[in-house]
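A.B. asks: pasting the structure only:
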């Protein structure tokens with residue numbers, strides 16, 4: 001059985017250049033999603049959201065591998081949508097005012113019915129506090145600009161500015177929310193080696 005690694009299958013989405021801003025058409029995809037607010041570095045809800053997402057993601061992976069689907073895959077990376085009611089709080093780093101949606105992409109052969117079954121399984125085994133807050137949602141960004149950031153999260157600013165400048169050069173406007181894809185595990189990776197895709201939808 002071949003194991004699908006979406007980071008390799010869709011390098012256009014998960015492996016942009018760290019030097020140049022690229023434009024990509026992001027298709028509609030299914031996600032496990034959970035919403036929250038507050039400083040991601042200190043928020044209990046942020047950690048509990050991750051603790052709810054991953055058991056579901058891995059349960060679905062094994063359901064797909066061992067069940068009728070018969071397909072194995074690498075669990076896709078954690079992603080985040082970020083914003084604030086006052087976007088000045090986001091730009092200026094007033095992290096306690098930040099809002100976020102954490103999410104993990106799900107392959108097309110994984111269904112919402114499988115998700116609902118996975119919730120029951122995880123509830124019986126671990127029952128993380130925010131399990132019932134996780135939802136199944138289809139999300140489409142369409143035309144977007146993106147770049148790879150290598151380094152600490154708090155040094156993303158100049159790269160985000162370059163993405164916004166490229167969108168302006170194209171005569172477009174920012175749409176939806178600031179999007180990050182975490183290719184590295186911050187628990188196991190030195191801050192200077194963290195790899196994060198920075199993406200912004202445009203219209």
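C.D. replies: Perfect, I can see it now. The structure presented is a predicted model; accordingly, all values stated were derived computationally and were not measured.

A.B. asks: quick one: contacts for the residue lying closest to residue 172 once chain neighbours are set aside?
C.D. replies: Counting by C-beta to C-beta, 6 or more residues apart in numbering, residue 172 lies nearest to residue 202, which is 4.0 Å off, once chain neighbours are set aside. Glycine gets a C-beta too; all of them are placed from N, C-alpha and C. The contact partners of residue 202, by C-beta atoms under 8 Å, 6 or more residues apart in numbering, come to 143, 144, 145, 167, 170, 172, 173, 174, 175.

A.B. asks: if we go to 7 Å?
C.D. replies: 143, 144, 145, 167, 172, 173, 174, 175 (C-beta atoms under 7 Å, 6 or more residues apart in numbering).

A.B. asks: and it, bridged to which residues?
C.D. replies: Counting by DSSP bridges, residue 202 forms beta bridges with residue 174.

A.B. asks: Three-state assignment for the residue most central in space within the chain, please.
C.D. replies: Centroid-nearest residue in the chain: residue 79, 1.1 Å away (criterion: C-alpha atoms, centre = their mean). Here residue 79 is strand, with the state taken from DSSP: H, G, I helix; E, B strand; the rest coil.

A.B. asks: the one 10 residues further on now?
C.D. replies: Here residue 89 takes the helix state, with states given by three-state DSSP.

A.B. asks: just residue 76 next, same as before
C.D. replies: On the basis of three-state DSSP, residue 76 is classed as coil.

A.B. asks: which residue sits closest to it, ignoring its sequence neighbours?
C.D. replies: Leaving aside its sequence neighbours, residue 76 sits nearest to residue 105 (C-beta to C-beta, 6+ apart; 4.3 Å).

A.B. asks: who touches stretch 78-94?
C.D. replies: With C-beta under 7 Å, 6+ apart as the criterion, stretch 78-94 contacts 50, 97-104, 177-182.

A.B. asks: averaged pLDDT, it. What do you get?
C.D. replies: Here stretch 78-94 scores 83 as its mean pLDDT.

A.B. asks: ends of it, what's the gap?
C.D. replies: 23 Å (C-alpha to C-alpha, to the nearest Å).

A.B. asks: tell me which residues in it are buried?
C.D. replies: Using 16 or more other C-beta atoms under 10 Å as the burial criterion, the residues of stretch 78-94 that qualify are 78, 79, 80, 81, 84, 89, 90.

A.B. asks: list just the nearest of the residues you listed to residue 24.
C.D. replies: Proximity to residue 24 was ranked across those by C-beta to C-beta; first place goes to residue 79, at 14.4 Å.

A.B. asks: host element of residue 109?
C.D. replies: Under DSSP states H and E, no helix or strand contains residue 109.

A.B. asks: separation between the residue found closest to it once you drop the neighbours it is linked to in the chain and residue 111?
C.D. replies: Take residue 109 and drop its neighbours on the chain: the residue closest to it by C-beta to C-beta, 6+ apart is residue 69, 5.2 Å away. According to C-beta to C-beta, to the nearest Å, residue 69 and residue 111 sit 9 Å apart.

A.B. asks: tell me where the protein is predicted with low confidence.
C.D. replies: 87-88, 91 (pLDDT under 70).
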